[in-house]
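Asker: Any chance you can model this:
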Amino acid sequence: MLERGQGRYAPEELQRFLFEHVESHEELDLAVLLRRHRDRDWSVEDAAAAARLSVSACQTGLLGLVKRGIASPGALAGTFRYSPCSLELAARLAQLDESYRSQRLAVVMLMSINAIERLRIATLHRFADTLRLRDQTR
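Answerer: Residues are numbered from 1 along each chain as shown. Okay, here's the model as predicted:
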C-alpha cells in the first residue's frame, strides 16, 4: 500500500499519526492545504473554496486542527494559519503531505480505517457505560 522511503511514513506510523492528529477527511485536506501555503492566513470561506468543502465543514475542520495544535488563529479575526505546535509535529505533517501527494488513495484508505476504529471504540465505551448504569440501578 504505502511505500516506505526517504522522508515517508511506514503505513502503521502514518495510520497512528492520522488517528491521533487528523479526525476527518476535511481535516486532512485542510492540514495539507495550510501546510502547502504556510505563509498565508486563511478565512474560512477562502479555505472552503480552495479545499472544495462547505463553509460549515471547513469551520469545523479548522477548529479541530487548532485543537490538535496543527493550526492557530491568524492575524485577522476569523482567519487561520498553519502553525504546528512542535518541530516534531511539523516534520510529521511534512511527511503526511508527501505521502498524500504521492499516494493519496492509500492515505484516504487509512483515514477510512481510522474512522471505523473510532466508531468501534465509541460503541464499546457506550456499551460499557450502559452496563455500568444497569449495575448501579440494581
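Asker: Every contact and neighbour count from this point should use C-alpha atoms.
Answerer: Fine.
Asker: quick one: what helix or strand has Arg40 in it?
Answerer: Under DSSP states H and E, no helix or strand contains Arg40.
Asker: where does it land on pLDDT?
Answerer: Among the per-residue scores, Arg40 holds a pLDDT of 96.
Asker: Next, the spatially most central residue of the chain: phi, psi?
Answerer: Nearest to the mean C-alpha position of the chain, by CA atoms, centre = their mean, lies Val22 at 1.8 Å. When read as degrees, to the nearest 10, the backbone of Val22 gives phi -140, psi 110.
Asker: And for Pro73?
Answerer: Main-chain dihedrals, Pro73, degrees, to the nearest 10: phi -60, psi 140.
Asker: Helices along this structure, start to end?
Answerer: Secondary structure of the chain (DSSP state H): helices at 11-21, 25-36, 44-51, 55-67, 87-102, 104-136.
Asker: Any buried residues in the helix or strand of the chain with the lowest mean pLDDT, and which?
Answerer: The least trusted helix or strand in the chain, going by mean pLDDT, DSSP states H and E, turns out to be helix 104-136, with a mean of 77. Within helix 104-136, the residues scored as buried using 16 or more other CA atoms under 10 Å are Ala106, Val107, Leu110, Met111, Asn114, Ala115.
Asker: now do the same end-to-end measure for stretch 69-83.
Answerer: Start and end residues of stretch 69-83 are separated by 7 Å (CA to CA, to the nearest Å).
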